[in-house]
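> Any chance you could fold what I've pasted below:
(one chain, ligands or ions: 1)
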Amino acid sequence: MQDPKTYQEVSNMQKRDLEVILKEYQSEWKHKDARIMDIGCADGSATIRLWKKYIPQNFKTLVGSDKSLACVNFAKKHYESEKVKFMTLDIEKEIPNELKGCFDHVVSNYVFHWAQQQEKSFSNIYEMLAKDGKCLIIFLGNCNIFENYRTLSRTSTWNSYIKEVKTKFMSPYHDSQDPETEIKNLMKKIGFRDISVKVHELSFDFIRGIDEFSDMMKCLNPFEGLENKWEDFIADYVQLDPNASTIVYQLLVVSGKK
Ligand SMILES: C[S@@+](CC[C@H](N)C(=O)[O-])C[C@H]1O[C@@H](n2cnc3c(N)ncnc32)[C@H](O)[C@@H]1O
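As a prediction, this is how the structure comes out:
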């Protein structure tokens, strides 16, 4: 994601969902000197305004990480402090040795549906956790946006732009009949204990309607060249789904212990 400034203004759905879950998760944090890694922090505002707000305030370090250098630079400039740092990290790739075994909590909000390498990503979390460390990973399963993009990818107008919709955009669990069992089995195989996978059926209405939906999707757009055709693309999207400003989705809330 290359536009952290705009993301900050249009990420109301991501922030609403995170706050609801954090209110329920309060008792799970290490009480003192916690070391926390937030994967896919984007502009850093969720790291600072939500994760940092809900963790015990005597934490030791909070590290926000993202694969996008533009995001990390933005977050550093606006939010870095003595105990809060930001760094580049791609959770689907090999992680540096100095991060292994270093965190009491590894957390992530609205990132793991982008990760096609699910096993590598969950293994990396396991590697980064210290013994008895916990993860909390929140991301999308089935979602009407993925289905609408897939339908548009099959049209002659949009195929050349978004033909890689499955590998570049859709959640690996969009078509899963049982994401709970799939994720539990994967985490068990890696070595996690006390695994919990909850599937929440949710919806979100954008206050500014289609315009706000369009701004969010443009900001998250991973398809080269599509930004030049954005107005036409959104017009076709809305024709396909007249309720486009309502997102209907499964939110997967995953936790486990090393
Ligand atoms: C929708 S934003 C979520 C931001 C923030 N966590 C929140 O709650 O608002 C997704 C972020 O994940 C990052 N991302 C996507 N794939 C990633 C990966 N493999 N490793 C690290 N970050 C990734 C993107 O660059 C983007 O900034």
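> Need the phi and psi values for the closest residue to I55 other than its chain neighbours.
Leaving aside its sequence neighbours, I55 sits nearest to W29 (C-beta to C-beta, 6 or more residues apart in numbering; 5.4 Å). Just so you know, the C-beta spots here come from the backbone N, C-alpha and C atoms, and that holds for glycine as well. Main-chain dihedrals, W29, degrees, to the nearest 10: phi -80, psi 150.
> From L62, how far off is W29?
Noted for W29: a distance of 12 Å to L62, by C-beta to C-beta, to the nearest Å.
> And R154, by the same measure?
Taking C-beta to C-beta, one finds R154 at 43 Å from L62.
> Who has more neighbours out of the two?
Comparing R154 with L62 by other C-beta atoms under 10 Å, the one with more neighbours is L62, at 24 against 11.
> Quickly list what that one is bridged to.
Residues in a beta bridge with L62, per DSSP bridges, are I36, V84.
> Would you check that it makes contact with K83?
Yes: with contact defined as C-beta atoms under 8 Å, L62 reaches K83; the gap is 6.3 Å.
> Endpoint to endpoint, stretch 216-225 covers what distance?
Stretch 216-225 has an end-to-end distance of 17 Å (criterion: C-alpha to C-alpha, to the nearest Å).
> got the buried residues for it?
Neighbour counts over stretch 216-225 (16 or more other C-beta atoms under 10 Å) mark M216, M217, K218, C219, L220, N221, F223 as buried.
> Which of the helices or strands spans the fourth one?
Assigned by DSSP states H and E, C219 belongs to helix 210-220.
> Which residues outside that helix are in contact with it?
Helix 210-220 has contacts (C-beta atoms under 8 Å, 6 or more residues apart in numbering) with 1, 3, 6-7, 9-13, 145, 206, 227, 230, 234, 238, 244-245, 247.
> What about those residues, which are in helices?
Cross-referencing these against helices under DSSP state H gives T6, Y7, E9, V10, N12, M13, I145, W230, I234, V238.
> Check the secondary structure at the residue of the chain positioned farthest from its centre for me.
Note on the chain: the largest C-alpha distance from the chain mean falls to S156, namely 30.5 Å (C-alpha atoms, centre = their mean). For S156, the secondary structure call by DSSP: H, G, I helix; E, B strand; the rest coil comes out as coil.
> And D17, by the same measure?
Under three-state DSSP, D17 comes out as helix.
> hang on, the earlier thing: where do the contact lists of W29 and L62 overlap?
With contacts taken as C-beta under 8 Å, 6+ apart, W29 and L62 have I55 as neighbours in common.
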